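In: Give the three-dimensional model of this entry:
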Amino acid sequence: MEITRNWWMFALRGTLAVLFGIIALFDPRISLVFLVTVFGVYALLDGILAVYMGVRARPTADRWWGMVILGVVGILAGIIAFANPGLTLFALLYVIAFWAIFTGVLEIAAAIDLRKTIRNEWLLGLDGALSVLLGVILLALPPVTRAYAVALWVGLYAIVYGVGQIALGFRFRDMSRHGRPSFRPA
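Out: A predicted model of the protein is given here:
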């Protein structure tokens, strides 16, 4: 199955998320412009990788387009962050929150779709649930919230999300290397 052969893409996405999280947590007083830039780079790279993964899965997956849509949303979020690096905290909260919610919903849908195909699909579902939770928390914060609060929440989320993606990637690697079928027996 294509998804197990491209295990490294999940691990790479997870590594990028963990690195982003560490940068965001490194200094809670991080400036808004720097946070927007780091978020923009992460969202853009994550989006490009997701589009690539979706296109690569097209010949073998029925719902390859979900990953492509997820990637396009990430690319758009990155472009928005770069187009106006002077975004207010209020706008940044909404960009990140809606991106996280949309990403989470798509990942939960993918996990549900994959439950009959792979084992431990719950990792993807957990990542999706964490994405939705982050989005809801960010939407609940008042517009006057300081930048370090955003950095803290986004940084923590990115690290947990990234670890989940890395674990999922290595799970796929093990399935691919050991010749284990990636399908559950009927």
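In: Longest helix in the protein, by number of residues?
Out: Longest helix in the chain by number of residues (criterion: DSSP state H): helix 147-177.
In: For it, could you pull out the residues that count as buried?
Out: 147-148, 150-151, 153-155, 157-169, 171-173, 175-176 (16 or more other C-beta atoms under 10 Å). No exception for glycine: its C-beta is placed from N, CA and C like everyone else's.
In: so what's the residue lying closest to residue 173 once chain neighbours are set aside up against?
Out: Spatial nearest neighbour of residue 173, excluding adjacent residues (C-beta to C-beta, 6 or more residues apart in numbering): residue 7 at 3.9 Å. Residues near residue 7 by C-beta atoms under 8 Å, 6 or more residues apart in numbering: 169, 170, 171, 172, 173, 175, 176.
In: Quick one: mean pLDDT for stretch 170-185?
Out: What stretch 170-185 shows for mean pLDDT is 70.
In: what does stretch 24-41 give?
Out: For stretch 24-41, the per-residue pLDDT averages 73.
In: next one: stretch 84-103
Out: Here stretch 84-103 scores 76 as its mean pLDDT.
In: got the CA coordinates for it in CSV?
Out: Presented in CSV, the C-alpha positions along stretch 84-103 are these (Å, rounded to 0.1, in the frame of the first residue of the first chain):
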residue,chain,number,x,y,z
ASN,A,84,0.7,40.2,5.9
PRO,A,85,3.3,39.6,8.6
GLY,A,86,1.9,42.5,10.6
LEU,A,87,-1.3,40.6,11.3
THR,A,88,-2.9,41.4,14.6
LEU,A,89,-3.1,38.8,17.3
PHE,A,90,-6.8,38.7,16.8
ALA,A,91,-6.4,37.8,13.1
LEU,A,92,-3.7,35.3,13.8
LEU,A,93,-5.8,33.5,16.4
TYR,A,94,-8.6,33.1,13.8
VAL,A,95,-6.2,31.9,11.0
ILE,A,96,-4.6,29.3,13.2
ALA,A,97,-7.8,28.3,14.9
PHE,A,98,-9.8,27.7,11.7
TRP,A,99,-6.8,25.9,10.1
ALA,A,100,-6.5,23.6,13.1
ILE,A,101,-10.2,22.8,13.2
PHE,A,102,-10.4,22.1,9.4
THR,A,103,-7.2,20.0,9.6
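In: residues of that stretch that come out buried?
Out: Buried, per 16+ other C-beta under 10 Å, within stretch 84-103: 87, 89, 91-97, 99-103.
In: from these, which is closest to residue 75?
Out: residue 99 (10.7 Å; C-beta to C-beta).
In: Which strands and helices lie in contact with the helix or strand containing that closest one?
Out: Using DSSP states H and E, residue 99 sits in helix 89-114. Using 3 or more C-beta pairs under 8 Å, 6 or more residues apart in numbering; DSSP states H and E as the contact test, the elements touching helix 89-114 are helix 32-57, helix 64-83, helix 122-140, helix 147-177.
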